[in-house]
Each structure stands twice: as C-alpha cells, then as structure tokens.
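Asker: give me coordinates for this.
(one chain, ligands or ions: 1)
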Amino acid sequence: MQEIIGLHQISKVYERKIALSSLSLTVNKGELIGLIGPSGAGKTTLLNMLAGILSPDQGQILIDGRPLSEFRDQKKRAKKIGIIRQQFDLVGELPVIHNVLVGRLSEWGIFKSLLSMLIPQDKEYAIQALNRVGLPEKLYEKTSSLSGGEQQRVALARLLVQSPEIILADEPVASLDPARAEDVLELLVKIALEENQTVIASLHSVEYARKYFDRLIALKDGELFFDLPASSVTDEHIKSLYRLKETS
Ligand SMILES: Nc1ncnc2c1ncn2[C@@H]1O[C@H](COP(=O)(O)OP(=O)(O)OP(=O)(O)O)[C@@H](O)[C@H]1O
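Answerer: A predicted model of the protein is given here:
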C-alpha cells in the first residue's frame, strides 16, 4: 500500500480553543475515509489544513512523503488535491459550463482563462464530465436555477475536470434531502473508485459514513477518538463518540 497522506503530531489552536491536538495518522492511496465526530471536533480544521488553506501551529503534513508546503505551484497542487464543500462554491449567476471549467483553470494561463469567460475553452471536458454526472442537458443553464442535488453534481463534474488524486469533501451532502444526499455520495464514491482517487469526507450522518466509506476516522475535542474499518464500528463506539459531557 502506498502512503499518500501523513499527518505527524498536528496541532492547531484558535485563540484559547484547541481545535486539533497532536493528531497523527496516515492515509493510503485509494482509501475512502469518512471523517466523523461531534460539532467542533476539528473536522473542518483538519480538511482545511490538508487543502493548504490553514497551516498547523505544530507538526507536519506530508503528501507523497513531501511536505505540503512544497506543493506551492497551483497547477501541481490542483492535480494533487481538490476540495468540495457543502456550499458547492459555485457561481450561481454563471452557466453550468463555466463552473465546470473552473476545474481547468490551473491548467490555463491568464489569457485562456479570460477568453473562456466569453467563449468556453476545452468545452469537451465539461461535456464529458456533465455526461458522467448525469446532467448533459444542463450545460448552458444558469447554475442557480438547478436544484441543490444538481448543483452538487456540477461541483462533482468540476472535480472530474480537475481530476485531483485526493478529494477532500467537507460536509458534501449536509444541505441535501436524504435521497439526493445518497445519490451524490454514491456518485462521489463511484468516481473515486474509477479514478483510483483517495477521498476524505466529513459527514454528520454516521449512517452514510458507514454505508459509503471503508474507514472511519472519528475526532472528538481535537483528538483522534477512533480510527477503524467501517465494518468494525459498533453502535457503542458511536454512542460514546457523540455522548455529551456529564455536567456536575
Ligand atoms: N476561525 C476560528 N476562530 C476561532 N475558533 C475557531 C475557528 N474555526 C474553528 N474554531 C473552533 O475550533 C474548533 C474546531 O472547529 P471545526 O470547524 O474544525 O470543527 P468541526 O468538527 O468541523 O465542526 P462542525 O461539525 O460543527 O462543522 C471549534 O471549537 C471551533 O469553534
């Protein structure tokens, strides 16, 4: 198994709040990981660090055995790591095709990027990706006119075009109804398996985490609470993970 992510004693403190405390773990290429834990456990902090949006106060993050800070070149980083969020990060006013082609921006120079706002460049990438997520007819529709589930599929199409080795998903289905949430998770996992991508997805739903992911990493109060194959996680594990602190 090839290690793709290594976290070594990562800590992050906001003012006086410890968001992550000396967290260490490794992830192998192709793993599908559900990141769970109560509100405030540190899930978003961890994903933002892996995405390079936040830096740890202490510790080291290795990607393919090299410090994350070495992936400063935008093109190289975009090929390595892509992120999808609950809010989709789409520009609602623009047609779907433009949002999908954002996945190509790191490949383009400034001229091609600007030109693409007028005449979409590399259109075939967007067409192919929208076909794969089941939205071929939405190419020129205004993105905000699509339903939440469809918009999340557009975000997946953008990821397909970017084609990163690691997908970080921060609450990717939190705003969707159960049927659409499952639909999006099924698609995310299917794409990741086909492309041999590694996924770390934070989820509030333990049910979805168990159903769609192979390994569950549970955080509580900024620490690793458990790290187990999804099939070994018991109801007792889950109960103690989400148990509220006793008040005296
Ligand atoms: N910018 C910030 N400034 C101060 N404290 C912060 C900041 N971001 C996060 N925190 C705190 O750090 C802790 C971890 O937050 P984080 O958002 O990583 O948790 P989470 O597990 O993603 O929670 P949720 O499931 O509610 O999204 C929380 O106590 C939070 O209040």
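Asker: going forward, measure contacts between C-alpha atoms and count neighbours the same way
Answerer: Will do.
Asker: and the contacts of the one helix or strand Leu228 maps to?
Answerer: Assessed by DSSP states H and E, Leu228 sits inside strand 223-229. Strand 223-229 has contacts (Cα atoms under 8 Å, 6 or more residues apart in numbering) with Leu20, Ser21, Ser22, Leu23, Ala41, Asp214, Arg215, Leu216, Ile217, Ala218, Leu219, Leu241.
Asker: parallel or antiparallel, list what pairs with it.
Answerer: Applying DSSP bridges, strand 223-229 is found paired with strand 215-220 (antiparallel).
Asker: quick check, the strand it pairs with touching the ligand?
Answerer: No: contact between strand 215-220 and the ligand is absent, the nearest approach being 7.5 Å (criterion: Cα under 6 Å from any ligand atom).
Asker: buried ones in that strand?
Answerer: Within strand 215-220, the residues scored as buried using 16 or more other Cα atoms under 10 Å are Arg215, Leu216, Ile217, Ala218, Leu219, Lys220.
Asker: give the residue spans of the protein that score low on pLDDT.
Answerer: 87-88, 105-118, 121, 246-248 (pLDDT under 70).
Asker: only alpha carbons, please: show the longest helix along the chain as PDB.
Answerer: Counting by DSSP state H, the longest helix found in the chain is helix 178-195. Provided in PDB are the C-alpha atoms of helix 178-195 (Å, rounded to 0.1, in the frame of the first residue of the first chain):
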ATOM      1  CA  PRO A 178     -31.800  12.000   2.100                       C
ATOM      2  CA  ALA A 179     -32.400  10.700  -1.500                       C
ATOM      3  CA  ARG A 180     -30.200  13.400  -3.100                       C
ATOM      4  CA  ALA A 181     -27.600  13.000  -0.400                       C
ATOM      5  CA  GLU A 182     -27.300   9.300  -1.100                       C
ATOM      6  CA  ASP A 183     -27.300   9.900  -4.800                       C
ATOM      7  CA  VAL A 184     -24.400  12.400  -4.500                       C
ATOM      8  CA  LEU A 185     -22.400  10.100  -2.200                       C
ATOM      9  CA  GLU A 186     -22.900   7.100  -4.400                       C
ATOM     10  CA  LEU A 187     -21.600   9.100  -7.400                       C
ATOM     11  CA  LEU A 188     -18.600  10.500  -5.400                       C
ATOM     12  CA  VAL A 189     -17.500   7.000  -4.400                       C
ATOM     13  CA  LYS A 190     -18.100   5.600  -7.800                       C
ATOM     14  CA  ILE A 191     -16.000   8.300  -9.500                       C
ATOM     15  CA  ALA A 192     -13.300   7.900  -6.800                       C
ATOM     16  CA  LEU A 193     -13.100   4.100  -7.400                       C
ATOM     17  CA  GLU A 194     -13.000   4.500 -11.200                       C
ATOM     18  CA  GLU A 195     -10.200   7.100 -11.000                       C
END
